[in-house]
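Peer 1: mind looking at a prediction? Sequence and model below.
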Amino acid sequence: MAPMAVRSRTSRGPGRVRNYGPAYAGPAGIWLTVFFVAPLLVIVAYSFMAKGLYGGVEPRFSLEAYRSLANSVFLRVSMNTLGISLVTTVLAILIALPCGYYMARSNRKTLLLMLVIIPFWTNFLIRIYAWIAILGNNGFLNALLLRAGIVAAPVQFLYNQVAVTIVLVYTYLPYAILPLYSTIEKFDFSLLEAARDLGCTRRGAIFRVLLPNIRAGIITAVLFVFIPTFGAYAVPLLVGGKESYMLGNFVAEELTRTRNWPLASAISMVITLVTTLGLWLMFRLQGKAPQAKDPARSGGERRAP
Amino acid sequence: MLHFSPPFAIIPPVPSRPATIGGKRNELKGSDVSIEGVSKSFGTFTALRDVSMVIRKGEFYSLLGPSGCGKTTLLRIIAGFDDPDGGEVSLDGTSVLNLPPNERHVNTVFQNYALFPHLTVFENVAFPLRLKKTPNATVRSRVGDYLELVQLSSHAEKMPAQLSGGQKQRVAVARALINEPSVLLLDEPLSALDAKLRQHMLIELDAIHDKIGITFIYVTHDQQEALSVSDRIAVMNAGQVLQIGTPHEIYESPATGFVAAFIGETNMFEGTVESVEGTMVAVDVTGLGRILVTEDEPPAPGSKASVVVRPEKIRIDTERPAPAKRTDINFLEGSVDEPIYSGSSTKYYVRHQSGTMLKVIKQHANWSDEGPEIEWKDKVYLSWSADDAYLLGAS
């Protein structure tokens, strides 16, 4: 939008400035077209085709894939996925909020920020295996409980929805903490004192003043956690059981074992659709935030001194 | 109470409407605030040491001092944002130290205004009422009254970011007053405004104070602000109260060299008391010679003392003034080192033969004032009355 404005303003003048904006966006545009838009279109196309005999697709139009979605197994897995994603998102935000608040008020911000980022230095799969080592029957937690005499036999922590949720929350927590931290960091904490001064309790000040003002950060955090969780594959595969089967696993199974590519594509389409819906919903919420209504603040979150 | 009646052509009067706000002029409301032996340290830094003062009901009381002197810390302790390490703070004789900020009958106008950016002007002012679940109709009329008090009725639906600095300041005042506190704390409320607007807002604040009649405690580092509106001023430095008094007392008889230097400009010469005759003290000042000063409680001859005289009390002439019959006038000769023109007056840095530099402020001439313009390098004669100078003990 900005380059357009520049062009329309300058084109009237005598010393017309050529606008190279689109050219600058070129490399990224080509990259995204080749590796994102094109594959997506292939998936859309596959979902409307017939199943090939030995995998692959037969190039003719068919609604068979979408028709076969209308069964109780798919519905149950969908609900399961939605449930796990929502719970994970809520938990991650609830943990990330006080965390981000503390980080923003600390005078060792860089150190704390490093601590949040350090887990990314280790491979994602290795971190999941680390959780297996902690939660497994011969794992660290059970060993601790047994030695303390709290339980007589190892507790089955792994291979259920709880384990999947725990590991998902763990995995995506930094994605919730970082946007929350960055908005809370810009928050003017004297507003909390003003709220207290005007009669708010400590809790009241958080709910009436802090949360409304960091809304943009909360929305970003929700999206950053919900979207990847809804398409999760590795976590439910490694620490989940039958009950925690998610759509991502469904896709993988149709793709590799059942070899029903149109069905796998159709399920992918459902995942894309739901996450897009979530995105749209959140953007609408953000649009309702008072900041966005205000022209003086549309430039960003900066506050006049 | 010190009144400051604004010339109406320049400053719009505060509307004299709502009967719900304030009451009769000069009717004293609010609370007495008593501070006894309050101390506060942050780590190794001592912000306040054994500070005591009594602020009377309805007073416009200023805490004046340079940044870091502890004035804001004291304000925050009264508001309840910080706890003192020792001492007592009470309102009308009842300690408030155990009350959280939201339960003290005290409201604050913050330095950066601290308006809630997510709420409109109306909702910002209504905030305290909403907390108390006040019925909507009451909220509308009360907020309307207070917005009118600060002349912002037409801006009720704007967001804070759309307001100018002066308007934000008024919203902050209205929001702090709507709870009808018995004490209003103002933390350098004008420091973010430009000079002209600051003067205007100061007069408005004073008018609001007259109207509401509650106790105002006003923190500032600007001596001009403090002098022009305060009933009394407490001058602070390095966590201690140096002097408490009316603006006149603080300016005309400062208790210490710091107060003298901080409140307005000053000339200070160190010397030794030579002789005392009644209240007339002769001080031998190094370089300047014998200087006369009137002092009610004269020090003993031989003791060290500083002579202090304000630059505007010194007369500057290009010719030696006619020898007066008065014996209390001090005369010095010197040359103008630097004239600094500042519109309504000029400040001259005058170098005495001995090298001592004196500051002199001369109001600009009107028709009755004759004589040539004084310029750079001119030889000048300085004179002042012993009554206009005062003595400070050796520091």
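Peer 2: Perfect, thanks for sending it.
Peer 1: all helices for chain B, in order.
Peer 2: B:71-79, B:121-131, B:136-149, B:165-177, B:195-212, B:223-229, B:247-252, B:257-262 (DSSP state H).
Peer 1: contact partners of the first one?
Peer 2: Okay, so that is helix B:71-79. A:193, A:197, B:33, B:35, B:38, B:40, B:47-48, B:51, B:63-65, B:82-84, B:89, B:96, B:101, B:104, B:106, B:108, B:111, B:183, B:185, B:187-188, B:217, B:219-221, B:236 (CB atoms under 8 Å, 6 or more residues apart in numbering or on different chains). All C-beta spots, glycine's among them, are computed from the backbone N, C-alpha and C.
Peer 1: in PyMOL, select just the buried ones from those residues.
Peer 2: Paste this into PyMOL to select the buried members of these, with burial taken from 16 or more other CB atoms under 10 Å in any protein chain shown:
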select buried, (chain A and resi 193+197) or (chain B and resi 33+35+38+40+47+48+51+63+64+65+82+84+89+96+101+104+106+108+111+183+185+187+188+217+219+220+221+236)
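Peer 1: ok, back up a step: make CSV from the helices of chain B and add mean pLDDT and mean neighbour count to it.
Peer 2: Compiled in CSV, the helices of chain B are given as follows (pLDDT from 0 to 100; neighbours: other CB atoms under 10 Å in any protein chain shown):
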stretch, mean pLDDT, mean neighbour count
helix B:71-79, 95, 24
helix B:121-131, 95, 22
helix B:136-149, 94, 17
helix B:165-177, 93, 24
helix B:195-212, 89, 19
helix B:223-229, 90, 20
helix B:247-252, 91, 17
helix B:257-262, 89, 20
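Peer 1: quick one, which of these gets closest to A:Pro119.
Peer 2: Of all those, it is helix B:71-79 that lies closest to A:Pro119, at 39.5 Å by CB to CB.
Peer 1: residue 215: how many residues sit nearby?
Peer 2: Picking chain A for this. A count of nearby residues for A:Arg215, using other CB atoms under 10 Å in any protein chain shown, gives 18.
Peer 1: I was after chain B.
Peer 2: Residues near B:Thr215, counting by other CB under 10 Å, number 27.
Peer 1: do A:Arg105 as well
Peer 2: Neighbour number of A:Arg105 under other CB under 10 Å is 12.
Peer 1: from B:Thr73, how far out is the closest residue in space to it that isn't next to it in sequence?
Peer 2: Once flanking residues are discounted, A:Arg105 sits nearest to A:Phe189: 7.0 Å by CB to CB, 6 or more residues apart in numbering or on different chains. To B:Thr73, A:Phe189 is 17 Å away according to CB to CB, to the nearest Å.
Peer 1: how would you label the residue of the stretch 151-300 of chain A found nearest chain B: helix, strand or coil?
Peer 2: As assessed by CB to the nearest CB, chain B sits closest to A:Ala194 within the stretch 151-300 of chain A, at 3.8 Å. Judged by DSSP: H, G, I helix; E, B strand; the rest coil, the three-state class of A:Ala194 is helix.
Peer 1: okay, now the domains of chain B?
Peer 2: B:33-105+B:181-261, B:265-393 (automatic domain parsing).
Peer 1: report the contact partners of the residue nearest the centre of chain B.
Peer 2: Centroid-nearest residue in chain B: B:Ala226, 1.5 Å away (criterion: CA atoms, centre = their mean). Counting by CB under 8 Å, 6+ apart, B:Ala226 touches B:Ser62, B:Leu64, B:Tyr218, B:Thr220, B:Ile233, B:Pro247.
Peer 1: try 7 Å this time
Peer 2: Remark: with contacts taken as CB atoms under 7 Å, 6 or more residues apart in numbering or on different chains, B:Ala226 is in contact with B:Ser62, B:Leu64, B:Thr220, B:Ile233.
Peer 1: out of those residues, which comes closest to A:Ile271?
Peer 2: B:Thr220 (61.3 Å).
Peer 1: can you pull the pLDDT of whatever residue of the stretch 201-350 of chain B ends up closest to chain A?
Peer 2: At 13.6 Å from chain A, B:Ile217 is the closest residue in the stretch 201-350 of chain B, using CB to the nearest CB. Model confidence at B:Ile217, given as pLDDT, is 96.
Peer 1: quick check: residues of chain B near chain A?
Peer 2: Selection of chain B residues close to chain A by CB under 7 Å from any CB of the partner chain yields B:79, B:81, B:101-102, B:107-108, B:110, B:112, B:114, B:116-118, B:127-128, B:131-132, B:159, B:161-162, B:175, B:179.
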